[in-house]
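Visitor: just coords:
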């Protein structure tokens, strides 16, 4: 029979070894920790966050954007060593395309990006990096769910809590075990995992015209174009004040000004002016493509030659005192586009609103690609003279 001393020795031995700690003390710590492990705090069992899913679309039979939506996984900070089959959490300012590809290679099953408020000041370099990241990600198929979380006090607390957790590859086993008991653990779940393709999406072009002086059918046309849509990494976060609400605003201004001129017979030009608010600008200018197809079909049925003298595309004109005229083929001085180029040159030289610069940029169409850099290239490809006005000197 065991005596009291033997029982005491056995108890001490079994509860002071690692095995004893795991099977005796650890359950007691877990049971008593909410009461006796202050000042550690414990979060609610469930928290809800507003999140925006990364855009997903198909174009020319090719899949783009995030292809998955459902998530139920433990979340860890992006810098954690072991991210295999885990959700990664990262702030937007820390996300680069190289880091994104590195996270994918580490086997993450989803990515959550915390985005700061729109009032956050950004440097020019940071803005460029974010725009490049957006362009690259929207131009490829992403195999994992990607969500964007607006920065709030709740998301900041979540980020700091996860950031405070230990990395199991850098600490001792005892430290990690202690951290498992006392630290917060988070399981992120997105239950609305349906991402069925929409079959009811329709692109609408809005057309208008002003008839010039003379017989309408015999007068040449000038077409002014501005696409009216915007796109972003997440549909709910897309903003397009410059690209291309500024182009739409200028097109509306031109309609108002020319309407006054064309309201009198004596001030009408010998041109029919057409105005197009084109849809699908961010989808390789599908609205302009539709207009071009309809135009050529009509001319072919009527067996009439092309009567478009020039197409003026307005894109991103809300900033800067620089104006660039992008062309696929430099127009001659006697052509309508060449005359407009000369007028714009004179206007910038005599501007009453401060110094303005105007420059023509020639870029040939890349015929090996289905995608075009500027909207005017759609028209130039169809043998319609065209150019784009923008404050950007490059489409990238």
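Guide: Perfect, thanks for sending it. For clarity, every value in this text was computed on a predicted model and none was experimentally measured.

Visitor: So for the helix or strand where residue 224 lies, mean pLDDT?
Guide: Assigned by DSSP states H and E, residue 224 belongs to strand 221-227. For strand 221-227, mean pLDDT is 97.

Visitor: going forward can the numbers begin at 4, since that is how I track them
Guide: Sure, I'll start counting at 4 from here, so that last one is strand 224-230.

Visitor: list the helices and strands that strand packs on?
Guide: Where contact means 3 or more CB pairs under 8 Å, 6 or more residues apart in numbering; DSSP states H and E, strand 224-230 is packed against helix 248-265, strand 275-281, helix 289-305, strand 311-317. For the C-beta atoms, the positions are set from N, CA and C on the backbone; glycine is no exception.

Visitor: Take the ones you listed and write them to a markdown table, including mean pLDDT, distance to residue 239 and mean neighbour count.
Guide: Output for the helices and strands packed on strand 224-230, formatted as a markdown table (pLDDT from 0 to 100; distance: least, CB to CB, whole Å; neighbours: other CB atoms under 10 Å):
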| stretch | mean pLDDT | distance to residue 239 | mean neighbour count |
| --- | --- | --- | --- |
| helix 248-265 | 96 | 17 | 16 |
| strand 275-281 | 98 | 23 | 22 |
| helix 289-305 | 93 | 22 | 16 |
| strand 311-317 | 97 | 26 | 23 |
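
Visitor: I'd like those as TSV, with distance to residue 207 appended.
Guide: Below are those laid out as TSV (distance: least, CB to CB, whole Å):
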stretch	distance to residue 207
helix 248-265	14
strand 275-281	9
helix 289-305	8
strand 311-317	18
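
Visitor: Out of the ones you listed, which gets nearest to residue 60?
Guide: Closest approach to residue 60 among those (CB to CB): helix 289-305, 11.4 Å.

Visitor: The closest one vs strand 311-317, what angle?
Guide: Put simply, helix 289-305 runs at 170 degrees to strand 311-317, going by axes from the mean of the first three to the mean of the last three CA atoms, to 10 degrees.

Visitor: now for helix 289-305, which elements pack on it?
Guide: Applying 3+ CB pairs under 8 Å, 6+ apart, one finds that helix 289-305 makes contact with strand 224-230, strand 275-281, helix 379-384.

Visitor: related to what we said a few turns ago, pairing partners for the strand holding residue 227, with directions?
Guide: strand 275-281 (parallel), strand 311-317 (parallel) (DSSP bridges).

Visitor: Contacts for that strand, please.
Guide: With contacts defined as CB atoms under 8 Å, 6 or more residues apart in numbering, strand 224-230 is touched by 247, 250-251, 253-254, 257, 274-285, 288, 290-291, 310-318, 339, 378.

Visitor: between that strand and helix 248-265, how many degrees?
Guide: Going by the same axes, to 10 degrees, strand 224-230 makes 150 degrees with helix 248-265.

Visitor: So which bits of strand 224-230 are buried?
Guide: Neighbour counts using 16 or more other CB atoms under 10 Å place 224, 225, 226, 227, 228, 229, 230 of strand 224-230 among the buried residues.

Visitor: Please apply the same query to stretch 130-141.
Guide: Residues 132, 133, 136, 140, 141 are the ones in stretch 130-141 that count as buried (16+ other CB under 10 Å).

Visitor: next one: stretch 329-348
Guide: Using 16+ other CB under 10 Å as the test for burial, stretch 329-348 gives 329, 330, 331, 334, 339, 340, 341, 343, 344, 347.

Visitor: again, but for stretch 107-127
Guide: Neighbour-count burial for stretch 107-127 [16+ other CB under 10 Å]: 109, 111, 112, 113, 114, 115, 116, 117, 118.

Visitor: average model confidence for that stretch?
Guide: On average, the pLDDT along stretch 107-127 is 92.

Visitor: Just give the number of residues close to the nearest residue to residue 271 once chain neighbours are set aside.
Guide: In space, and not counting its chain neighbours, residue 271 is closest to residue 216: 3.9 Å by CB to CB, 6 or more residues apart in numbering. Per other CB atoms under 10 Å, the neighbour tally for residue 216 reads 14.

Visitor: residues touching residue 374, list them.
Guide: residue 287.

Visitor: Distance check, it against residue 398.
Guide: Look at residue 374 and residue 398: by CB to CB, to the nearest Å, they are 10 Å apart.

Visitor: Flag the shaky bits of the stretch 54-203 of the chain, pLDDT-wise.
Guide: The model of the stretch 54-203 of the chain has pLDDT under 70 over residues 169-188, 195-200.

Visitor: which residues of it fall in helices?
Guide: Taking DSSP state H, counting those that start in this stretch to define them, one finds helices in the stretch 54-203 of the chain at 100-108, 127-141, 156-166, 176-185.

Visitor: Adding distance to residue 358, write those out as JSON lines.
Guide: Formatted as JSON lines, those follow (distance: least, CB to CB, whole Å):
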{"stretch": "helix 100-108", "distance to residue 358": "36"}
{"stretch": "helix 127-141", "distance to residue 358": "20"}
{"stretch": "helix 156-166", "distance to residue 358": "44"}
{"stretch": "helix 176-185", "distance to residue 358": "61"}
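
Visitor: Those: which one's closest to residue 75?
Guide: Closest of these to residue 75 is helix 156-166, at 16.7 Å (criterion: CB to CB).

Visitor: tell me which residues of the closest one are tucked away?
Guide: Buried residues in helix 156-166, counting neighbours by 16+ other CB under 10 Å, are found at 158, 161, 162, 165.
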